[in-house]
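**Q** no letters, just coordinates:
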């Protein structure tokens with residue numbers, strides 16, 4: 001296998017960058033342990049890479065039904081989170097990450113399970129390309145998983161905060177049928193916010209009645225970020 005931290009070609013596509021960082025994450029996999037695996041297109045590349053060492057780990061706790069299907073398809077055992085104790089490491093992507101390791105996650109609608117698995121893990125390794133590194137969170141709309149009966153009240157609460165919240169639909173930009181998460185809830189995507197104090201924001205919004213999970217990961221932030229760029233994979237530690 002090519003050294004995942006070797007310098008990359010300037011002509012690498014986004015898909016190739018995801019492959020590169022997915023391979024780089026293998027060095028954080030702890031042999032003989034159960035690890036946590038997130039969801040999304042970058043994680044899909046990590047799952048492909050993980051298949052090469054599936055005999056070296058006991059298995060995985062997965063953060064989404066889609067990832068579970070991919071893991072099982074390559075022969076990696078998947079455990080329920082309640083069947084195991086602390087996980088050695090959690091490897092997942094992000095929609096945004098700041099210089100302190102705080103993240104926005106949930107673009108793939110799996111934020112609640114992702115936060116649960118992250119909280120169960122000793123270390124969070126975030127795998128992204130350099131476009132996801134920002135100084136202040138909030139350019140990417142903040143996903144919030146909510147109970148349907150609270151939708152309109154929560155939209156008003158975000159408006160009072162200066163944000164614009166919309167229910168995520170199954171087909172982006174078309175149709176009116178809400179996307180339903182693996183947990184049977186709906187998502188609000190909140191734009192127009194600058195999350196300058198991620199801990200305070202996560203704490204505040206998490207307490208609003210009807211909120212299941214807010215997609216700001218500050219209490220479960222990354223300890224390591226593998227950042228794919230044209231000149232290779234950089235390792236950031238927080």
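**A** All right, it came through fine. Computed from a predicted model, the values in this text were never measured in an experiment.

**Q** please verify my assumption that residue 235 contacts residue 226.
**A** Yes - assessed by CB atoms under 8 Å, residue 235 is found in contact with residue 226 at 6.0 Å. (Glycine included, C-beta is placed from N, CA and C.)

**Q** which stretches of the chain form helices?
**A** 14-24, 41-50, 65-73, 111-119, 151-161, 198-206 (DSSP state H).

**Q** and the angle for the fifth one with helix 198-206?
**A** Our comparison of helix 151-161 with helix 198-206, counting by axes from the mean of the first three to the mean of the last three CA atoms, to 10 degrees, yields an angle of 140 degrees.

**Q** any stretches of the protein with poor pLDDT?
**A** 1-11, 172-175 (pLDDT under 70).

**Q** any idea how far residue 151 is from the residue located most distally from the centre of the chain?
**A** Most distant from the centre of the chain: residue 160, at 27.3 Å, with distances by CA atoms, centre = their mean. Note on residue 160: its distance to residue 151, by CB to CB, to the nearest Å, is 15 Å.

**Q** same check on residue 235?
**A** 40 Å.

**Q** between the two, which is the more surrounded one?
**A** residue 151 (17 against 13; other CB atoms under 10 Å).

**Q** next one: the more buried one from residue 211, what distance?
**A** With CB to CB as the criterion, residue 151 and residue 211 are 11 Å apart.

**Q** what do you get for residue 154?
**A** Residue 154 is 7 Å from residue 211, by CB to CB.

**Q** common neighbours of the two, please.
**A** 144, 146 (CB atoms under 8 Å, 6 or more residues apart in numbering).

**Q** sorry, back to before: how much space separates the residue farthest from the centre of the chain from residue 154?
**A** For residue 160, the distance to residue 154 - CB to CB - is 11 Å.

**Q** try residue 101
**A** 27 Å.

**Q** can you check residue 162 too?
**A** 14 Å.

**Q** which one's more surrounded, these two?
**A** Taking other CB under 10 Å, residue 162 and residue 154 do not tie; residue 154 has more neighbours (20 against 10).

**Q** contacting residues for that one?
**A** So residue 154 contacts 144, 146, 165, 188, 208, 210-211 (CB under 8 Å, 6+ apart).

**Q** give me the buried subset of these.
**A** Taking 16 or more other CB atoms under 10 Å as the criterion, what is buried in the contacts of residue 154 is 144, 146, 165, 188, 210-211.

**Q** show me this protein divided up by domain.
**A** 14-134+219-237, 142-215 (automatic domain parsing).

**Q** just those domains: most buried one?
**A** Greatest average neighbour count among the domains of the chain goes to domain 14-134+219-237 (a mean of 20), per mean count of other CB atoms under 10 Å.

**Q** roughly how far is that one from the heart of the chain?
**A** In terms of CA atoms, centre = their mean, to the nearest Å, the centre of domain 14-134+219-237 is set 8 Å apart from its chain centre.
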